[in-house]
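Chemist: Model the structure of this input:
(one chain, ligands or ions: 1)
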Amino acid sequence: MTGFERNRSIFANKDALSESYQPDELEERDEEIADYMDALQPIVDGWEPNNIFLYGNTGVGKTAVTEYLLRMLEADVEAYDDVALSVLTLNCNTLTSSYQVAIAMVNALRDPGDELSATGYPQQTVFTKLYSELEALGGTVLVVLDEIDSIGDRDELLYELPRARANGYLEQTSVGVIGISNDLQFRDQLDPRVQDTLCERELQFPPYEAPELANILASRAKIALTDDACADGVLNLCAALAARDSGSARQALDLLRLAGETAESADAEAIEEHHVEDARHKLNAERVEEGMRELTVHGKLVLLAVVSKEAQQKTPCRGRDVYEEYQRVCDSATTSPLVQRSVNNHLADLRMFGILKATENRSGSRGNYHSYELNVPFRSALEAMGDALPLAETIEQIRKYAKRNNVL
Ligand SMILES: Nc1ncnc2c1ncn2[C@@H]1O[C@H](COP(=O)(O)OP(=O)(O)OP(=O)(O)O)[C@@H](O)[C@H]1O
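Modeler: Presented below is the predicted three-dimensional model:
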């Protein structure tokens, strides 16, 4: 066995393709940056900050542009003695109510050891503690709430925080909230009063198109890859695939990184288009597997029933056939089955997640019904279920059927 040896044939700085990397320059967002700067301008002028709501699909640069502009803003306001700016950034992805967000804000502002516990206070008490932490800061405080939609409809803080000064809770401090979301419906679901304050300035980031993604990739590849590490057409292919699927720069960068890793482990001298294709398959499979692992136990058992029907080459099949198979699967898992209506709900969810495909059939006077089949590769579904369910024997049986029927 040979030992470890540094490999720098493809990557010069692989970290430049990672999620945590902060690029010095942002490509293709000049217009959005200009609007964003305009919305932040009152802070530099010494006035009350705007509240800003920023939305757009995943991976379109909302966080990257926000971090870039706030770094710039913090540096530039140093020139003005009458502006004291503090920025408090919070990712709300695990915080599902105003209460939890307020606790997290207080704790981010307090010294270690002096934090609030996560439960046990009336909400208004937590808000009062938050106001006193904010008041102690003085000046302008920008509160950035990324993934703000996680807060759901328990959104009182989003109403109260921007009005804290007007309502007399703060005297020395002005608060501006920047809410960031990739849930396009969140804004519309907000209480109209919250909408009015929070969405004082709205910025929308559209998905990237292929030529824009190609430029983003080219500027990142200069830092991340060695010279000649990319065959002609590779960056354009990554850009085209990501543009067609999501318009996400994250997806384009992930594709390039994974294609580079594939090329590296094959000892290739450069990344070729077929490495990108391999990377795309791997990323798709990972995405589906992640989705499948997050299902509830019965969601997984319903999916396993469809996998089993597929192994027997009996798909597309009707809901009631899936239900019979599901009852057998529950039997082998020694789990009590749900009623058919609940299984139908699971089938609808699996379809919504893109794991199953359903075709509508007409059956004359008895109305329409759906036929279900897998919408993901059989092998990925079987492997994900193998990892997620303690049903080795049943899964082995399904694998045997699948082999016999050339499904696997
Ligand atoms: N215009 C750009 N120029 C350079 N890199 C970019 C640009 N836009 C996005 N990126 C890069 O793409 C990745 C994803 O961007 P970012 O995290 O800002 O997306 P997002 O819109 O906040 O997504 P999400 O809603 O999923 O959090 C990051 O690595 C970021 O550096």
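
Chemist: Return the residues in contact with the residue in the stretch 251-400 of the chain that the ligand sits nearest to.
Modeler: Nearest residue of the stretch 251-400 of the chain to the ligand, counting by C-beta to the nearest ligand atom: residue 253, 5.6 Å away. Every C-beta, even on glycine, is put in place using the N, C-alpha and C of the backbone. The contact partners of residue 253, taken as C-beta atoms under 8 Å, 6 or more residues apart in numbering, are 17, 216, 217, 220.

Chemist: which of those residues are close to the ligand?
Modeler: residue 216 (C-beta under 6 Å from any ligand atom).

Chemist: from the contacts of residue 253, which two are the most distant?
Modeler: Maximum pairwise distance among those (C-beta to C-beta): 11.3 Å, between 17 and 216.

Chemist: Any idea how many residues pack against the residue in the chain positioned nearest to the ligand?
Modeler: In the chain, the residue that lies nearest the ligand is residue 61 (2.9 Å; C-beta to the nearest ligand atom). Residue 61: 23 surrounding residues under other C-beta atoms under 10 Å.

Chemist: per-residue confidence at it?
Modeler: Confidence at residue 61, expressed as pLDDT, is 96.

Chemist: so what's it up against?
Modeler: Going by C-beta under 8 Å, 6+ apart, residue 61 touches 26, 29, 32, 205, 208, 249.

Chemist: Adding distance to the ligand as columns, could you present those in JSON lines?
Modeler: Below are these laid out as JSON lines (distance: C-beta to the nearest ligand atom, whole Å):
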{"residue": "26", "distance to the ligand": "4"}
{"residue": "29", "distance to the ligand": "5"}
{"residue": "32", "distance to the ligand": "9"}
{"residue": "205", "distance to the ligand": "6"}
{"residue": "208", "distance to the ligand": "7"}
{"residue": "249", "distance to the ligand": "3"}
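
Chemist: In helices, which of the contacts of residue 253 appear?
Modeler: Judged by DSSP state H, helices contain the following of the contacts of residue 253: 216, 217, 220.

Chemist: quick one, what contacts the closest residue to the last one other than its chain neighbours?
Modeler: I take that to be residue 220. Spatial nearest neighbour of residue 220, excluding adjacent residues (C-beta to C-beta, 6 or more residues apart in numbering): residue 16 at 5.9 Å. When contacts are counted by C-beta under 8 Å, 6+ apart, residue 16 touches 23, 220, 223, 224.

Chemist: Could you rerun that using 7 Å?
Modeler: 220, 223, 224 (C-beta atoms under 7 Å, 6 or more residues apart in numbering).
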